[in-house]
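Q: Generate a structure from the sequence data that follows.
(2 chains)
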Amino acid sequence: MIPGITLQHFLVLSAALFSIGAYGVVTRRNAVGVLMSLELMLNAANLNLVAFNSYLHAGALAGQVFTLFTITIAAAEATVGLALVVSIFRARRSVRLEDVDLLKG
Amino acid sequence: MQLTTLLFYACALAAVFCALRVVTARHIFHAALYLACTLALLAVLYLLLQAEFVAVVQVLVYVGAVIVLVIFAVMLTAQIGDARLGQTNRLAVPAALGAGLVFAALVRALGAAHWDRAAAAAAPQAPAAQSNLQAVGTALLGDYIYPFELTALILFTALVGAVLIARKDPE
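A: Numbers count the residues shown, from 1 in each chain, chains lettered A, B, ... in the order given. Next up, the predicted model:
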């Protein structure tokens, strides 16, 4: 293990990345920007899983395997999300989220 | 201070800085590049945690594929020159407050937990008989074979869905 670095260090880093991602999801006006912030949040969760795996169950692999599945799902999510963004752009010539207000009464 | 410790702090600080730029950069294309930096730095952290295969997958899938997709989407949708238009909405201040509160609550909860004691109580790790790559491969095709096959289904569904959603003229 890394000398002087505890599990807490990794968890605080991951909490910071998660909070930054949450801020981005709320404030970005561009739909692509929102998706990027979402990827940040997912990566924070992945870092948590790998850190827990290495520090608490070094012999097991469940955390790492779960991270691989998360990465796969995140890739699928990014694909569909970006396809939706491109499709919305075709229909409304904008990716600004405040322009997508068709369902707003 | 040892090299790996220094490397952790350098990567962690750089990752947080790049992540902040991802959500604050005025130009959406710059945000995408900063996201690539953040993801690559996280791959280094995975290496430090001795999760080599996850680090390689992170570079291949995230830095390699997802970032390319994101940049494609930026190119296809944004008018690249319109950096003057604000990229953030009026919620910036309350959102920063909220995110700061979430971070403070998480750090507070982490301070109250006793992971280190649990780590000390965890069984002393036997020296790995096989490399991380071998072990992950065996686990993926052994214990986790059904979820592994299901991800193939999910990827296929996402592929078909993305093509269906993004194609030019749906009838």
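Q: So is stretch A:7-21 next to chain B?
A: Yes - interface with chain B: stretch A:7-21 contributes A:7-13, A:15-21 (C-beta under 8 Å from any C-beta of the partner chain). (Each C-beta comes from the backbone N, C-alpha and C, glycine too.)
Q: so who does the closest residue to residue B:161 other than its chain neighbours touch?
A: With C-beta to C-beta, 6 or more residues apart in numbering or on different chains as the criterion, residue B:161 has its nearest non-adjacent residue at 5.3 Å, and that residue is residue A:80. For residue A:80, the contact set (C-beta atoms under 8 Å, 6 or more residues apart in numbering or on different chains) comprises B:158, B:161, B:162, B:165.
Q: Give me the average confidence score over the helix or strand where residue B:9 lies.
A: When elements are assigned from DSSP states H and E, residue B:9 belongs to helix B:3-24. With pLDDT averaged residue by residue, helix B:3-24 scores 93.
Q: Tell me the buried residues in that helix?
A: When burial is assessed from 16 or more other C-beta atoms under 10 Å in any protein chain shown, helix B:3-24 yields the following buried residues: B:7-8, B:11-12, B:15-16, B:18-24.
Q: Same check on stretch B:158-171?
A: By 16+ other C-beta under 10 Å, the buried positions in stretch B:158-171 come out as B:158, B:162, B:165, B:166.
Q: May I see the residues you listed arranged in TSV, with pLDDT as well?
A: TSV is the format used below for the buried residues of stretch B:158-171 (pLDDT from 0 to 100):
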residue	pLDDT
B:158	94
B:162	92
B:165	89
B:166	85
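Q: Closest to residue A:100 out of these?
A: residue B:165 (14.6 Å; C-beta to C-beta).
Q: Touching, the closest one and residue A:82? I think so.
A: No - if you go by C-beta atoms under 8 Å, residue B:165 and residue A:82 don't touch, sitting 9.6 Å apart.
Q: could you redo the buried residues of helix B:3-24 as CSV and give each row distance to chain A?
A: Putting the buried residues of helix B:3-24 into CSV (distance: C-beta to the nearest C-beta, whole Å) gives the following:
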residue, distance to chain A
B:7, 8
B:8, 5
B:11, 9
B:12, 5
B:15, 7
B:16, 5
B:18, 10
B:19, 4
B:20, 6
B:21, 10
B:22, 6
B:23, 3
B:24, 8
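Q: Could you check the pLDDT of residue 65?
A: Went with chain A since none was named. Per-residue confidence (pLDDT) for residue A:65: 93.
Q: I was after chain B.
A: 91.
Q: and the closest residue to it other than its chain neighbours, how many residues sit next to it?
A: Excluding its sequence neighbours, the residue lying closest to residue B:65 (C-beta to C-beta, 6+ apart) is residue A:75, at 6.4 Å. Residue A:75: 19 surrounding residues under other C-beta atoms under 10 Å in any protein chain shown.
Q: so where does residue A:75 fall, helix or strand?
A: Using DSSP H and E, residue A:75 sits in helix A:62-92.
Q: which ones are touching residue A:12?
A: Listed by C-beta under 8 Å, 6+ apart, the contact set of residue A:12 reads B:106, B:107, B:110.
Q: Closest one to chain A out of those residues, please.
A: Distance to chain A across the contacts of residue A:12 (C-beta to the nearest C-beta) is lowest for residue B:106, with 3.9 Å.
Q: Kindly provide the distance from that closest one to residue A:17.
A: In this view, residue B:106 and residue A:17 are 11 Å apart by C-beta to C-beta, to the nearest Å.
Q: quick one: which of the two has more around it?
A: Counted by other C-beta under 10 Å, residue B:106 and residue A:17 do not tie: residue A:17 has more neighbours, with 29 against 17.
Q: Give me the pLDDT value at the closest residue to the more buried one other than its chain neighbours.
A: Of all residues not flanking residue A:17 in the chain, residue A:44 sits nearest, at 3.9 Å (C-beta to C-beta, 6+ apart). In this model, residue A:44 is scored at 95, pLDDT.
Q: Now do the buried residues in the strand or helix carrying residue A:44.
A: Here residue A:44 sits within helix A:31-56, counting by DSSP H and E. Using 16+ other C-beta under 10 Å as the test for burial, helix A:31-56 gives A:31-55.
Q: Fine, thanks again, bye for now.
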